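J.: what follows is a predicted structure for the sequence shown.
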Amino acid sequence: MITILKKNNVLNKKWIILLLLFTSVDTVLFGTNGNRLFLWVPRIVGLISILLMILLIKNKNEGLLKVNKYSFFCFALMNILFFSSAIYNGMSFETTISRFIAIFVAYVITMFISENEFLCIFDDFLFFISIIALLTEVLAYIMPILLNFLPKVLNTTGYVYSSFFVGGLLITTNISETFIRASSIFWEPGAYAFYLILGIMYQFFKKENIDSKRLIIYILCLIITFSTTGYIVLGVMMIGYVMSGKLNNKSNIIKYLCVIVALLVIIGSLFSPDSIIYQAVFDKLFSGTSSATTRYSSLFNGLKVAISHPLLGVGADLDKYMEIYVKTSKYSNGGLSITNTIVAQAASYGCVFGLLFLLGTLNFFRRWNSSKKTGYILAFSIILAYMGERFYSFLPFVFVFYGFTKYMRRNLNESSNY
């Protein structure tokens, strides 16, 4: 086994990370599949990946694991709080182990691979699935009947997806709509929008040289998700990009792209309230529909749950506690789910756990730009992005542990074109 791992360490890193991303619980195939056998795949892949990464780390360091004390302290404290909450609140063994694997995978990734290497692999992954998403979108408009010949997934809420591992699309209601929402491999368009936000943010603020082709693809895909949160965060990021001063040194295509997208967002949201785009995207913010009120309820009522149970939270059974506050809330039609990743951490495992999650995340994104002002905009952008969905995968914790890892100068000198 060790001999095989020695052959190509860089290639091994890439394939391990790609396998984790493609089998993530953020996908419809392995995260919300009605066939529960598929839900075991991310857990099994996670455990195997942990073993492989540890073997590679030990091989590289001649049998010794190098541990960053700041990241390890965060990992240890979060796990103490997590398991204490699980025991205190009576979380099932299956749920406890499943969520622990995600945290453990994330921590080992931060020991196994540098931040820049991880982001470059993530960028490759996102570009590939985005190309497939665009092709699927075109197919859905011109020959939707062909989607019926592709493998299908019935998710846990009864919706049917055309899902083929590297792509997918909701076909229960989506195909009959005027605008078909792209969701790629993810459980819903909003989740895909979050990944696209990360890709756009990486191109704008982290990558030394922007890949214009990839940036255009990501923005196009974000547009066809029709995600309200995605559109808002894109606007915030573009403001941050202009303020960062980077725009003055980039090619004309980037400048024109920013101007065109900004104009489309402004005109579509402010000056054409009767347009289809406005009704599909921005009208949700003010119409009192479930899509918007769920976000508001998740924030305000979710925070009430967290504050009422500050030490160890309420575990996995958030719905029962949300019901107490939703009944008397102005967002009573927002449902009982917490669709806010940051708030959900605090409500589930306590305010200290939630604070560690938030601080690690903000530190990770803020340092992508040398300007403090731009760093704050990046932090604000990721907070907004997390308000739309709750993620159970390892990815958010990767950001947390990188955020707490002492930032070595060698990381600053790594190539962004791994």
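T.: Arrived safely. All values reported here derive from a predicted model rather than from experimental measurement. Numbers count the residues shown, from 1 in each chain.
J.: wait, is Val153 part of a strand?
T.: Yes: assessed with DSSP: H, G, I helix; E, B strand; the rest coil, Val153 lies in a strand.
J.: how about it, what does it touch?
T.: Residues counted as contacts of Val153 (Cβ atoms under 8 Å, 6 or more residues apart in numbering) are Val28, Leu29, Asn33, Gly34, Asn35, Val160, Tyr161, Ser162, Ser163, Gly168. Just so you know, the C-beta spots here come from the backbone N, C-alpha and C atoms, and that holds for glycine as well.
J.: how does it look with 6 Å?
T.: Val28, Leu29, Asn33, Tyr161, Ser163 (Cβ atoms under 6 Å, 6 or more residues apart in numbering).
J.: sketch out the low-pLDDT regions of the chain for me.
T.: 1-11, 59-66, 245-292, 327-334, 370, 406-418 (pLDDT under 70).
J.: at which residues are the strands of it located?
T.: Applying DSSP state E to the chain gives strands spanning 152-154, 160-163, 168-170.
J.: for Leu378, which of the ones you listed is the nearest?
T.: Of all the strands of the chain, strand 168-170 sits nearest to Leu378, with 29.7 Å by Cβ to Cβ.
J.: partners of that closest one in the sheet?
T.: strand 160-163 (antiparallel) (DSSP bridges).
J.: mind listing what's buried in the partner strand?
T.: Across strand 160-163, burial judged by 16 or more other Cβ atoms under 10 Å covers Val160, Tyr161, Ser162, Ser163.
J.: how much space between the closest residue to Val314 other than its chain neighbours and Gly313?
T.: Among residues not flanking Val314 along the chain, Tyr321 sits closest, at 4.8 Å (Cβ to Cβ, 6 or more residues apart in numbering). Per Cβ to Cβ, to the nearest Å, Tyr321 is found 9 Å from Gly313.
J.: quick one: contacts for Val45?
T.: Counting by Cβ under 6 Å, 6+ apart, Val45 touches Thr23.
J.: at 8 Å what do you get?
T.: Taking Cβ under 8 Å, 6+ apart as the test, what Val45 contacts is Leu19, Leu20, Thr23.
J.: give me the phi and psi for the last one.
T.: Spelled out, that is Thr23. Torsion angles at Thr23 (phi, psi; degrees, to the nearest 10) stand at phi -110, psi 20.
J.: residues near Ile145, how many?
T.: Using other Cβ atoms under 10 Å, Ile145 has 8 other residues around it.
J.: equivalent analysis for the one 3 residues further on, please.
T.: The local packing count at Asn148 equals 11, with neighbours defined by other Cβ under 10 Å.
J.: right, and Gly302 touches Ser348 too?
T.: No: contact criterion Cβ atoms under 8 Å: Gly302 and Ser348 do not qualify, at 9.8 Å.
J.: any common contacting residues for the two?
T.: Leu318.
J.: all helices for the stretch 151-300 of the chain, in order.
T.: Assigned helices in the stretch 151-300 of the chain, in chain order: 189-201, 212-223, 228-244, 252-266, 276-281, 290-308 (criterion: DSSP state H, counting those that start in this stretch).
J.: most packed of those helices?
T.: Burial among the helices of the stretch 151-300 of the chain, expressed as mean neighbours by mean count of other Cβ atoms under 10 Å, is greatest for helix 189-201, which shows a mean of 26.
J.: how far is it from where the chain is centred?
T.: Averaged C-alpha coordinates place helix 189-201 at 7 Å from its chain's average position (Cα atoms, centre = their mean, to the nearest Å).
J.: relative to helix 212-223, how tilted is it?
T.: Using axes from the mean of the first three to the mean of the last three Cα atoms, to 10 degrees, the direction of helix 189-201 lies 150 degrees away from that of helix 212-223.
J.: quick one: helix 189-201 to helix 290-308, angle?
T.: Orientation check (the same axes, to 10 degrees): helix 189-201 against helix 290-308 gives 80 degrees.
J.: and helix 189-201, what does it pack against?
T.: helix 115-142, helix 212-223, helix 228-244, helix 372-386 (3 or more Cβ pairs under 8 Å, 6 or more residues apart in numbering; DSSP states H and E).
J.: turn those into a markdown table, including distance to Tyr107.
T.: As requested, the helices and strands packed on helix 189-201 are exported to a markdown table (distance: least, Cβ to Cβ, whole Å):
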| stretch | distance to Tyr107 |
| --- | --- |
| helix 115-142 | 13 |
| helix 212-223 | 28 |
| helix 228-244 | 27 |
| helix 372-386 | 20 |
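J.: so what's Ile113 closest to, chain neighbours aside?
T.: The nearest residue in space to Ile113 (Cβ to Cβ, 6+ apart) is Lys13, at 5.3 Å.
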